[in-house]
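# One predicted model, sequence on top.
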Amino acid sequence: MNNETLIIIGAGASGLVASIVASRRGKSVTILEQQTKVGRKILASGNGKCNITNRTISPTRYHSHNPTFISEVLKEYPYAIVEKFFTSIGLPLVETQEGKVFPLSMQASSVVELLLYEAQSLGVEIICDTKVTDICQTSRHFQLETTQGDYRASKILLATGSVAAPQLGGSNDGYALATKLGHSLIKRHPSLVQLCSQEPWVKQCAGVKITGVATLYANGVYITQKQGDLLFTPYGISGLAILDLSREVSSRLAQYDYCELSLDLMPTYTKEQLTTLLLSQIHPTSHKPLTLWLQGFLNKKLIHTILSHAKTKVTTEGELNRKAINQLVHTIKNLKLSLSDTKGFRGAEVATGGIDTTEVTPQTMESKLIPNLFFSGEILDVDGDRGGFNFHFAWVCGLRVGGVA
Ligand SMILES: Cc1cc2nc3c(=O)[nH]c(=O)nc-3n(C[C@H](O)[C@H](O)[C@H](O)COP(=O)(O)OP(=O)(O)OC[C@H]3O[C@@H](n4cnc5c(N)ncnc54)[C@H](O)[C@@H]3O)c2cc1C
């Protein structure tokens, strides 16, 4: 193998982009990928559509122990630069709601296939089924040990991603390789992940999906609030609002905080409006059971839970007084759910933490400790909000490394 080769470890989002940009500059590039196929997380992303970036990119949508690093990396690499890159490989983009951007094809497979075609047509050698197990540095090059023999390179890019979603190639390998070379690691937690609860009622509500508001309390103190889909599941709760809260929950549960959600199941009504509605709709003279009356307002599967939390007896509405209505309203707008865990890295889209970015130069993504060692993407201590922010960071890292390595 050519000693001047740039070897990229990982054919995921950032590795593929870096390979294309470096090859366009005439560099000799090889990618070593542990899996049989490239870009498996891209394929699984955005429910098969790939939420590729976001029009509203801002450092405030990212998290790290070193926020300055994120600002520096994103500087000069706004949405338009990423769009231009994808247009250059034949992939027009389209914006949907909330600034989210997808490939016009609305197919994640088109992202992978066009990246792969571009890389291969530029001469990038992509070697799959090859897991890098060790890296040694000599005075003149890097020596890589893999499951398929040894490789040598003058420059290497660690684009191994994070430990999230091991079923799609997520691994600890990159962290281990980097720490062995002297880099520091910030503790990782699952993020954009479903939440578990041991409350028995939650199982009975499994399958119910509503638009609501989830408010997170840790040790009784308000932390944050998110609006969106709430999906009850046999193990706890999921849905977009929950994924958005999960970063906080994950790190707080790791500190043994008591985490509880307060769920507003009818956020479009104030308490007063809901009280008025129930009072006007539930007629005291009727013999219709209360459970039936409530089916006009709430998903049937939630009614038993609401009534038992409100301590309202399931009888005819004739027994309902103003106090009982107030209790019902309070419960519908403040249903408490204690949280026991997250679905872990297996359920997570991303991992928080990673390689300490104070040891990496943001403009080049080169290690400050070891010349010619580069990093890109989620291996670093940077994670973004849901909505295309994680891919955007990965693409930008790839563009930066490809431009210099
Ligand atoms: C289900 C799911 C859906 C997602 N949806 C979105 C979305 O819609 N929008 C968004 O912005 N983000 C989304 N993400 C997050 C996004 O996929 C990641 O942030 C992004 O892929 C990170 O890119 P990367 O290049 O750092 O790593 P990856 O894309 O994970 O690539 C890393 C590659 O390195 C390989 N590798 C690891 N170790 C080794 C080794 N030792 N030797 C060789 N190869 C190795 C892996 O097999 C993998 O192919 C989603 C994630 C998941 C899991």
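Perfect, thanks for sending it.
# Which residues of the stretch 101-250 of the chain lie near the ligand?
131-132, 159-161, 164-165, 168-169, 171, 173-174 (CB under 6 Å from any ligand atom). The way it works is simple: take the backbone N, C-alpha and C, and place the C-beta from them, glycine included.
# Same list, the residues you listed, but as CSV with pLDDT, neighbour count and secondary structure please.
Below are these laid out as CSV (pLDDT from 0 to 100; neighbours: other CB atoms under 10 Å; DSSP: H, G, I helix; E, B strand; the rest coil):
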residue, pLDDT, neighbour count, secondary structure
K131, 98, 16, coil
V132, 98, 23, strand
A159, 98, 31, coil
T160, 98, 32, coil
G161, 98, 28, coil
A164, 98, 28, coil
A165, 98, 22, coil
L168, 97, 18, helix
G169, 95, 22, coil
S171, 95, 19, coil
D173, 97, 20, helix
G174, 98, 26, helix
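# between those residues, which is nearest S139?
V132 (20.8 Å; CB to CB).
# Just to check, the closest one is in contact with S171?
No - using CB atoms under 8 Å, V132 makes no contact with S171, being 10.3 Å away.
# Find residues that contact each of these two.
Shared contacts of V132 and S171, defined by CB atoms under 8 Å, 6 or more residues apart in numbering, comprise 34, 160.
# so what's G99 up against?
Neighbours of G99 in contact, by CB under 8 Å, 6+ apart: 54-56, 387-388.
# Would you mind identifying the next helix or strand past the longest strand belonging to the chain?
When the chain is parsed with DSSP state E, its longest strand is strand 221-232. As assigned by DSSP states H and E, the chain's next helix or strand after strand 221-232 is strand 236-238.
# which secondary structure elements does that following strand contact?
For strand 236-238, the contact count by 3 or more CB pairs under 8 Å, 6 or more residues apart in numbering; DSSP states H and E identifies strand 195-196, strand 221-232, strand 335-339 as packing neighbours.
# Quick check: which of these is buried the most?
Most buried of these, by mean neighbour count (mean count of other CB atoms under 10 Å): strand 195-196, with a mean of 24.
# So in that sheet, which strands flank it, and in what orientation?
Sheet pairing for strand 195-196, assigned by DSSP bridges, gives strand 236-238 (antiparallel), strand 341-342 (antiparallel).
# Tell me the pLDDT of T315.
pLDDT, T315: 51.
# so who does the closest residue to the ligand within the stretch 301-405 of the chain touch?
The nearest approach of the stretch 301-405 of the chain to the ligand comes at G377, 2.2 Å away (CB to the nearest ligand atom). Contacts for G377 (CB under 8 Å, 6+ apart) come out as 10, 12-15, 159, 161, 393-394, 397-398.
# Please tabulate those in JSON lines, including the columns distance to Y222 and secondary structure.
Below are the contacts of G377 laid out as JSON lines (distance: CB to CB, whole Å; DSSP: H, G, I helix; E, B strand; the rest coil):
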{"residue": "G10", "distance to Y222": "40", "secondary structure": "coil"}
{"residue": "G12", "distance to Y222": "37", "secondary structure": "coil"}
{"residue": "A13", "distance to Y222": "35", "secondary structure": "helix"}
{"residue": "S14", "distance to Y222": "36", "secondary structure": "helix"}
{"residue": "G15", "distance to Y222": "41", "secondary structure": "helix"}
{"residue": "A159", "distance to Y222": "39", "secondary structure": "coil"}
{"residue": "G161", "distance to Y222": "34", "secondary structure": "coil"}
{"residue": "F393", "distance to Y222": "29", "secondary structure": "helix"}
{"residue": "A394", "distance to Y222": "33", "secondary structure": "helix"}
{"residue": "C397", "distance to Y222": "35", "secondary structure": "helix"}
{"residue": "G398", "distance to Y222": "39", "secondary structure": "helix"}
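# Which of the contacts of G99 has the largest number of neighbours?
G388 (30 neighbours; other CB atoms under 10 Å).
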